[in-house]
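1. Provided below for reference: sequence and predicted model.
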Amino acid sequence: MPSASGSPFYAHVRQHEAAFAGLPDYAHEALFRAYIQNAAHYPLREESIRLYFEPWSDAVGKAAFYRQIGQADTANIAEAQERYGKTDFDVHLIWGEEDTFIPLAQGEELAGLVHAKSFTRVPSAAHIGQEDAPEALLGALLANI
């Protein structure tokens, strides 16, 4: 069984999805901003926050944001992991060492389950490492071409 993942906010929303889906837009945006910032190790630029928020900003997106959290279930992850194994292609995983949403240990476990050819730890990067350390991400990608 996989260890718990997701932020404390994610866990709380999972238990109270309906209450969050009915939030007024200003409250939803404020919570989303805090949530997405927590996915990064460094402060996000306003442009990045807007980019991540846009799909979740209207009534349909807002409901979907909370619904996908509410439907998250570690049992589904465990069931999927039973099917993991060696692939016919190389797998290279890149993981932020500061990821509080899906801890580094889970990334390392995943690397073993899929027989990853490489596992690159990115210092000073969290869940959205493309924001925290884009040069390290690019370097890791280029190293494994």
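-> Sure thing, it's come through. Please read these numbers as outputs of a predicted model, since none were measured by experiment.

2. select the longest helix from the chain.
-> helix 25-38 (DSSP state H).

3. and that one, how far out from the chain middle?
-> 15 Å (C-alpha atoms, centre = their mean, to the nearest Å).

4. alpha carbons only: can I get that helix in PDB?
-> Written as PDB, here are the backbone C-alpha positions of helix 25-38 (Å, rounded to 0.1, in the frame of the first residue of the first chain):
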ATOM      1  CA  ASP A  25     -15.100  32.500  -6.300                       C
ATOM      2  CA  TYR A  26     -12.900  34.800  -4.300                       C
ATOM      3  CA  ALA A  27     -12.400  32.100  -1.500                       C
ATOM      4  CA  HIS A  28     -11.800  29.400  -4.100                       C
ATOM      5  CA  GLU A  29      -9.100  31.500  -5.800                       C
ATOM      6  CA  ALA A  30      -7.500  32.400  -2.400                       C
ATOM      7  CA  LEU A  31      -7.400  28.700  -1.400                       C
ATOM      8  CA  PHE A  32      -6.100  27.700  -4.800                       C
ATOM      9  CA  ARG A  33      -3.300  30.300  -4.600                       C
ATOM     10  CA  ALA A  34      -2.200  28.900  -1.200                       C
ATOM     11  CA  TYR A  35      -2.500  25.300  -2.500                       C
ATOM     12  CA  ILE A  36      -0.400  25.900  -5.600                       C
ATOM     13  CA  GLN A  37       2.200  27.900  -3.800                       C
ATOM     14  CA  ASN A  38       2.600  25.000  -1.400                       C
END
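
5. next secondary structure after it?
-> helix 46-53 (DSSP states H and E).

6. nothing else from me, thank you.
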